[in-house]
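Peer 1: Give me the fold of what follows.
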Amino acid sequence: MDGPGDDTIGGSIGDPERVALQQRIVALKIEHRDLDDIIHRLSAEAAHDQLQMKRLKRRKLLLKDQIAWLTRQLDPDIPA
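Peer 2: Residues are numbered from 1 along each chain as shown. A predicted model of the protein is given here:
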């Protein structure tokens with residue numbers, strides 16, 4: 001495979017894998033943003049479920065960690 005379209009972007013990740021990771025990151029960011037909206041709406045209510053709020057915040061943090069991990073997979077730090 002020596003054609004011009006056969007080179008990989010970002011080192012070891014090929015184009016189809018890179019696109020799949022980017023799509024996953026976009027989906028996670030959308031879910032993260034939606035959770036943020038839900039958390040803000042619930043916190044505005046006088047009587048909101050503290051346990052539900054805690055679970056939503058934990059899920060939001062997990063999503064943030066997953067986004068960061070996947071982003072590092074796309075553009076890993078290469079030591080000099």
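Peer 1: Grab the nearest non-local neighbour of residue 57.
Peer 2: Once flanking residues are discounted, residue 57 sits nearest to residue 39: 6.4 Å by Cβ to Cβ, 6 or more residues apart in numbering. Placement of C-beta: from N, CA and C, glycine included.
Peer 1: What helices and strands are in contact with the strand or helix carrying that neighbour?
Peer 2: Assigned by DSSP states H and E, residue 39 falls within helix 15-44. Contacts defined by 3 or more Cβ pairs under 8 Å, 6 or more residues apart in numbering; DSSP states H and E place helix 15-44 against helix 50-74.
Peer 1: Please state the offset of the helix it packs on from the chain centre?
Peer 2: Mean-position distance between helix 50-74 and its chain equals 8 Å (Cα atoms, centre = their mean, to the nearest Å).
Peer 1: how much does it deviate in direction from helix 15-44?
Peer 2: Here helix 50-74 runs at an angle of 160 degrees relative to helix 15-44 (axes from the mean of the first three to the mean of the last three Cα atoms, to 10 degrees).
Peer 1: List the buried residues for helix 50-74?
Peer 2: Neighbour-count burial for helix 50-74 flags 56, 60, 63, 67, 73 (criterion: 16 or more other Cβ atoms under 10 Å).
Peer 1: Look up how far residue 38 lies from the fourth one.
Peer 2: Distance, residue 67 to residue 38, using Cβ to Cβ, to the nearest Å: 18 Å.
Peer 1: for residue 48, phi and psi?
Peer 2: The phi/psi pair for residue 48 (degrees, to the nearest 10) reads phi -110, psi 150.
Peer 1: burial count for it?
Peer 2: Residue 48 has 13 neighbours, counted by other Cβ atoms under 10 Å.
Peer 1: neighbours of the closest residue to it other than its chain neighbours, just the number please.
Peer 2: Of all residues beyond its chain neighbours, the one nearest residue 48 is residue 42 (4.6 Å), with distances taken as Cβ to Cβ, 6+ apart. Per other Cβ under 10 Å, the neighbour tally for residue 42 reads 14.
Peer 1: Relative to residue 31, how far out is residue 42?
Peer 2: Residue 42 is 16 Å from residue 31, by Cβ to Cβ.
Peer 1: check contacts around residue 44.
Peer 2: With contacts taken as Cβ atoms under 8 Å, 6 or more residues apart in numbering, residue 44 has no neighbouring residues.
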